[in-house]
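**Q** sequence and predicted structure, then a few things I'm wondering about:
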Amino acid sequence: MYEGGEHHGYAYAGAYSTREAYSWTVSTSIYIDKDYRRCGAGSMLYSALEKELKEMGIINMLAGVAYLDEEDEYISHDSYKFHIKEGFSQVAHIKSVGKKFDRWYDLLWFQKKVER
């Protein structure tokens, strides 16, 4: 997302795996500057990304989201809620797998089928 000469967000996709069997699956990531959240920027970016992925023949979008049962000052439930709103389904919950800010976090995996 680019506004006023500055970047305020981005979304991208990368290979989920180097194995040929997973050539139609990507891992996605999105970041929106905190001052630009909840204004449609994330939906706009993911929509554009999904359109490009569809043109490339991608079938599955995966997204990993850091998660805690109770929000803290670093991790909220916003990303979880955003992915659900964007049509992703939660497919996995891995406990205490990531460490950020000297704290252990869970990882939720989401999947969305790209509409053909």
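**A** Looks like it arrived, so ask away.
**Q** for Phe110, give me its contacts.
**A** 62-65, 83-84, 88-91 (CB atoms under 8 Å, 6 or more residues apart in numbering). Every residue, glycine included, has its C-beta placed from N, CA and C.
**Q** next, give phi and psi for it.
**A** Phi and psi for Phe110, reported as degrees, to the nearest 10, are phi -120, psi 150.
**Q** quick one, grab the pLDDT at it.
**A** The score at Phe110 is 98. That number is its pLDDT.
**Q** hang on, the earlier thing: export the contacts of Phe110 to CSV and tack on neighbour count and secondary structure?
**A** Shown next, in CSV, are these (neighbours: other CB atoms under 10 Å; DSSP: H, G, I helix; E, B strand; the rest coil):
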residue, neighbour count, secondary structure
Leu62, 18, strand
Ala63, 23, strand
Gly64, 18, strand
Val65, 22, strand
His83, 25, helix
Ile84, 13, helix
Phe88, 22, coil
Ser89, 11, strand
Gln90, 15, strand
Val91, 11, strand
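**Q** please identify which of the residues you listed is nearest to Lys34.
**A** The shortest approach to Lys34 among these belongs to Val65, at 16.4 Å (CB to CB).
**Q** contacts only, for the closest one.
**A** 79-80, 83, 107-110.
**Q** what residues are bridge-paired with it?
**A** Leu108 (DSSP bridges).
**Q** look up how far Phe88 lies from it.
**A** 9 Å (CB to CB, to the nearest Å).
**Q** lovely, talk soon.
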